[in-house]
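> Dropping the sequence and predicted coords here.
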2 protein chains.
Amino acid sequence: MADAGERHRVVIVGGGFGGLYAAQSLKKAPVRVTLIDKRNFHLFQPLLYQVATGSLSPGEVASPLRSVLWTHRNAQVLLAEAYDLDVERRRVIVNDGEIEYDTLIVATGSQNHYFGHDHWEEHAPGLKTIEDATRIRQKILFAFEAAEREADAEARRAWLTFVVVGAGPTGVELAGALGEIANDTLRHEFRSIRPEDARILLLDGSPRLLPPYPEELSHRAEQQLIRLGVRARANVRVTAIDGDGVTLTGPSGEERIAARTVVWAAGVTATPLGKAIAARTGAQLDRGGRVVVGPDLTVVGHPEILVIGDLASATQDGKPLHGVAPVAMQQGRYAARLIERRLRGMPTEPFRYLDKGSLAVIGRAAAVAFFFGGKVKISGYLAWMVWLLVHLMYIVEFENRVLVFIRWGFQYLTFNRGARLITGYRDLPRGAHPEEAETLARD
Amino acid sequence: MADAGERHRVVIVGGGFGGLYAAQSLKKAPVRVTLIDKRNFHLFQPLLYQVATGSLSPGEVASPLRSVLWTHRNAQVLLAEAYDLDVERRRVIVNDGEIEYDTLIVATGSQNHYFGHDHWEEHAPGLKTIEDATRIRQKILFAFEAAEREADAEARRAWLTFVVVGAGPTGVELAGALGEIANDTLRHEFRSIRPEDARILLLDGSPRLLPPYPEELSHRAEQQLIRLGVRARANVRVTAIDGDGVTLTGPSGEERIAARTVVWAAGVTATPLGKAIAARTGAQLDRGGRVVVGPDLTVVGHPEILVIGDLASATQDGKPLHGVAPVAMQQGRYAARLIERRLRGMPTEPFRYLDKGSLAVIGRAAAVAFFFGGKVKISGYLAWMVWLLVHLMYIVEFENRVLVFIRWGFQYLTFNRGARLITGYRDLPRGAHPEEAETLARD
């Protein structure tokens, strides 16, 4: 490319759905694209809970950004972490240097949020990264192993109690998968315990689970969870989490639940780059730390800076857009189109999200979904089939699509989960009680 | 099982090829089997190098011991680490208690060995565990990423230099895979470097690579490696390894090679339980720390203790048996048969290893093999096809067999490696040079 030096430089920070779709949509544009990510892969977040629950391997839900983009001759991928901007000189500050842009697309997404209780993270991991997922998988599987070796009934009960905090789609998916692990996957594998005796609690502060869904579907989801042995408890607020369990307050006062495994699915907040954007451009942040953007997803006063995906606070018809994958994908494509039209001197239009519907899966033949703003609601087998097809369709690489399809086929036929590894530690220490080993296992 | 309490108790320590095959072969025996392992899965070691080089995911070469053995109603699996024996009271001492046995099968295998230079481990990981494999994968992939961002030519050269120490089958497999990564997989994915410029060195102290193989095959293997850009250097001894490279002495004196990625494939030693057995029973250990066993694989004076697999030092026709998977498998089956025959009061025969041949793979359509003690030697495409079939055949679970087959099919067609994730760290530190980030990435 002789003109490479003069081409319009688009820098994209973040290779999630927003950033990757933007980069892909710029394939034929007369620009130079630099995609920066601190990881070397795109993560298919919607299936990450299946890694945490042993159904899929990390490699099956992650695609190396380089191999996804290698046919894009105008794109370069860099492994780096962006910390700040220099809006005057149009540079992104990364861990080991600066990168110049003409147009910047920021798509760093969201991260786990503990509402001021960051120390809960140690005992209740959230589900955002591959490492989060393998850590949760380790905690869940180790709990059953420790219970099998535990002679004391009360201690065994705590190992067999699983608490999921937050009953949004991720919490529902995790709790449902836990129910299947206890009732189906591990059913015949232990000799001293009955895995199906496991107690699985799904807690939420709202009056019902899946708050953004129509009320009818919340009830259907709860019924499907009950069939898997999951008890959903609404209107409860978690006030403490430690290595022994959780404390909560609810309609019936304060309560302590002894549980060795707690998973956090109660909230996310914007990644810190949002603050840097606000500080450098004067943009507003919303309550969740997301950058308020205009109708064309640009930052006020800086048409050359776009914020998309979970990091963006955008509204449509007076309502905020949710931080879900389809929004990020459409915003990524829109950002690419906006840049192309600008370069051609064509007029641009505001971003409009086309809501194709919402889906949440609970387990085998159990899911809920609604379309056209809630005019069409489905649940059970049909919703599950739609969920399967939609997710298979959107997996980024064809190879992963085939592998996931086969994993699901085997799981459907055998009830087994093929990726149930406890990884991340070397030795069980001599003289260690299971709980100590578990602590070591976390490092 | 009403008679469970009175049944003969067989305790197996270690769920590798030896221990797992023993447990499986005891399925119908009138015994109670307890399989102890510090990991919850059986690892298919022969394909571990493919995890280290991004071809397969950890979950595809590991099978949960519980799911492999759940149909064995006489078998219990325990997650525990064995440290010692009490031979008088017939108990295995594990991290959190003791386990009684009537017959004990010890099959804990081998571990990496640095010949008194344990601090080399930090810079030159060996390939024994899943964590070793993902760490090596991380180092290899990160090296190319760092090279892409490195402006200094000399530093870039060090990032693009890969040293494999030890030219046995594992070293040859790793070096060959590195050659394919540089020349095929990453070929079109970088913009500042040419991955095919990577320098890959395979070092060994012997006069030729694959020392146990017929000389003709060593030469064939070397030719096939040269085609992949790997330079094999014989008769060299490594005298130092640190974060910047390796120092070696050879026919032409001392030499320093600047290399950011060094992998250790030069030696293994017996796991520490061997020492405990020697101390408690008076058994001899060989130079590699392996327990010398009799013709029936029992420890002298203790017919109730069998040692099998890599931990056993057994001879046949005056020659030592190698620490390879087929020996461990056959010894596992033999141990089970021995126990059954004893319980029935039948005479027992000494163990005899049936050598079906040896195979080492180098890369696509590149392998060497010999059968019938070297009377039949093959190499190239044919040897590679045999290698593929044999390995597919022995993978423990049918699901993994299908997944590996598909991974290989895609790799064959596209030259891609689908599991190229850099995992194990969270943040690239601000202001960090690539090398610092790499150090952090190791934790």
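In hand now; what should we look at?
> how far away is residue A:229 from residue A:368?
Taking CB to CB, to the nearest Å as the measure, residue A:229 falls 18 Å from residue A:368. For the C-beta atoms, the positions are set from N, CA and C on the backbone; glycine is no exception.
> scratch that, residue A:388
From residue A:388 to residue A:368 the distance is 14 Å (CB to CB).
> where does the stretch 1-150 of chain A dip in pLDDT?
Within the stretch 1-150 of chain A, the stretches with pLDDT under 70 are A:1-5.
> which bits of it sit near chain B?
Residues of the stretch 1-150 of chain A lying near chain B by CB under 8 Å from any CB of the partner chain: A:38-41, A:56-60, A:62, A:64, A:66-67, A:70-71, A:76-81, A:83, A:95-97, A:129-131, A:134, A:141-142, A:145-146, A:148-149.
> again, only this time at 6 Å
Within the stretch 1-150 of chain A, the positions near chain B by CB under 6 Å from any CB of the partner chain are A:38, A:40-41, A:57, A:59, A:62, A:64, A:66-67, A:70, A:76, A:79, A:81, A:83, A:95-96, A:130, A:145.
> Between residue A:388 and residue A:368, tell me which one has more neighbours.
Taking other CB atoms under 10 Å in any protein chain shown, residue A:388 and residue A:368 do not tie; residue A:368 has more neighbours (29 against 17).
> which residue ranges form the helices in the stretch 251-400 of chain A?
Along the stretch 251-400 of chain A, the segments classed as helices by DSSP state H, counting those that start in this stretch run A:273-281, A:325-343, A:381-394, A:398-414.
> Any regions of the stretch 301-443 of chain A where pLDDT drops low?
A:425-443.
> Excluding chain neighbours, what is closest to the residue of it found nearest chain B?
Across the stretch 301-443 of chain A, no residue is closer to chain B than residue A:419, which sits at 3.4 Å (CB to the nearest CB). Spatial nearest neighbour of residue A:419, chain neighbours left out: residue B:59 (3.4 Å); criterion: CB to CB, 6 or more residues apart in numbering or on different chains.
> buried stuff in stretch A:206-221?
A:208-210, A:213-214, A:217-221 (16 or more other CB atoms under 10 Å in any protein chain shown).
> quick check, distance from that stretch to the centre of its chain.
20 Å (CA atoms, centre = their mean, to the nearest Å).
> now stretch A:133-148
The answer for stretch A:133-148 is 20 Å, by CA atoms, centre = their mean.
> repeat for stretch A:22-40
Once both centres are worked out by CA atoms, centre = their mean, stretch A:22-40 turns out to sit 22 Å from its chain's centre.
> go on, stretch A:360-372?
So, by CA atoms, centre = their mean, the centroid of stretch A:360-372 is 17 Å from its chain's centroid.
> again, but for stretch A:69-89
With CA atoms, centre = their mean as the basis, stretch A:69-89 stands 23 Å off its chain's centre.
> Mind exporting the C-alpha coordinates of that stretch to CSV?
Extracted C-alpha coordinates of stretch A:69-89, given in CSV (Å, rounded to 0.1, in the frame of the first residue of the first chain):
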residue,chain,number,x,y,z
LEU,A,69,-8.7,-10.4,10.6
TRP,A,70,-5.8,-11.7,8.7
THR,A,71,-7.6,-11.4,5.3
HIS,A,72,-8.2,-7.7,6.1
ARG,A,73,-5.2,-6.1,4.4
ASN,A,74,-6.0,-2.7,5.8
ALA,A,75,-6.1,-3.9,9.4
GLN,A,76,-3.4,-4.3,12.1
VAL,A,77,-3.9,-6.0,15.4
LEU,A,78,-1.9,-4.9,18.4
LEU,A,79,-1.7,-6.5,21.8
ALA,A,80,-1.7,-3.5,24.1
GLU,A,81,-3.8,-1.9,26.9
ALA,A,82,-5.2,1.6,26.4
TYR,A,83,-5.1,3.9,29.5
ASP,A,84,-5.7,7.4,28.3
LEU,A,85,-6.2,9.8,25.4
ASP,A,86,-4.5,12.9,24.2
VAL,A,87,-7.4,14.5,22.4
GLU,A,88,-5.4,17.5,21.2
ARG,A,89,-2.7,15.4,19.5
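> Find the closest residue to chain B in the stretch 151-300 of chain A.
Taking CB to the nearest CB, the stretch 151-300 of chain A has residue A:189 as its residue nearest chain B, at 4.0 Å.
> what about that residue, which helix or strand?
Using DSSP states H and E, residue A:189 sits in no helix or strand.
> quick one, what contacts it?
Shown in contact with residue A:189 (CB atoms under 6 Å, 6 or more residues apart in numbering or on different chains): B:66, B:70.
> Tell me how far it lies from residue A:334.
Taking CB to CB, one finds residue A:189 at 49 Å from residue A:334.
> Reformat the buried residues of stretch A:206-221 as a markdown table; add secondary structure, distance to chain B and pLDDT.
Output for the buried residues of stretch A:206-221, formatted as a markdown table (DSSP: H, G, I helix; E, B strand; the rest coil; distance: CB to the nearest CB, whole Å; pLDDT from 0 to 100):
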| residue | secondary structure | distance to chain B | pLDDT |
| --- | --- | --- | --- |
| A:208 | coil | 34 | 95 |
| A:209 | coil | 30 | 95 |
| A:210 | coil | 30 | 95 |
| A:213 | coil | 32 | 94 |
| A:214 | coil | 37 | 95 |
| A:217 | helix | 33 | 96 |
| A:218 | helix | 34 | 96 |
| A:219 | helix | 35 | 96 |
| A:220 | helix | 32 | 96 |
| A:221 | helix | 29 | 97 |
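> Widest-spaced pair of the residues you listed?
A:209 and A:214 (12.3 Å; CB to CB).
> what do residue A:388 and residue A:368 both touch?
The contact sets of residue A:388 and residue A:368 do not overlap (CB under 6 Å, 6+ apart).
> if we can go back for a sec, list the residues that contact the residue of the stretch 301-443 of chain A closest to chain B.
Residues in contact with residue A:419, defined by CB under 6 Å, 6+ apart, are A:54, A:56-57, B:59.
> can you tell me the helix or strand for the closest residue in space to residue A:192 that isn't next to it in sequence?
The spatially closest residue to residue A:192, leaving aside those adjacent along the chain, is residue A:148, at 5.1 Å (CB to CB, 6+ apart). Counting by DSSP H and E, the element that carries residue A:148 is helix A:130-149.
> Check which element follows that helix along the chain.
Downstream of helix A:130-149, the next assigned helix or strand under DSSP H and E is helix A:153-159.
> following that next one, which helix or strand comes up?
Going down the chain from helix A:153-159, the next helix or strand is strand A:161-165, by DSSP H and E.
> Hmm, residue A:164 and residue A:246 touching each other?
No: taking contacts as CB atoms under 6 Å, residue A:246 lies outside contact range of residue A:164: 10.5 Å.
> For these two, work out which one has more neighbours and name it.
residue A:164 (28 against 24).
> ok, now which ones touch that one?
So, once contact is read as CB under 6 Å, 6+ apart, residue A:164 ends up touching A:171, A:174-175, A:202, A:263, A:265.
> Report the two of those residues separated the most.
Of all pairs in those, the most separated under CB to CB is A:202 and A:263 at 10.0 Å.
> Can you show me the strands along the stretch 201-350 of chain A?
Along the stretch 201-350 of chain A, counting by DSSP state E, counting those that start in this stretch, strands occupy A:230-233, A:237-242, A:245-250, A:253-258, A:261-264, A:268-270, A:291-292, A:298-299, A:302-307, A:312-313, A:315-316, A:319-320.
> which of the contacts of residue A:419 tops the neighbour count?
residue B:59 (31 neighbours).
> That one against residue A:59, yeah?
No: the criterion here is CB under 6 Å, and residue B:59 misses it with residue A:59 at 7.9 Å.
> Need the residues touching each of the two.
By CB under 6 Å, 6+ apart, no residue touches both residue B:59 and residue A:59.
> which residues of the stretch 51-200 of chain A fall in helices?
Using DSSP H, counting those that start in this stretch, helices in the stretch 51-200 of chain A cover A:65-69, A:130-149, A:153-159, A:169-180.
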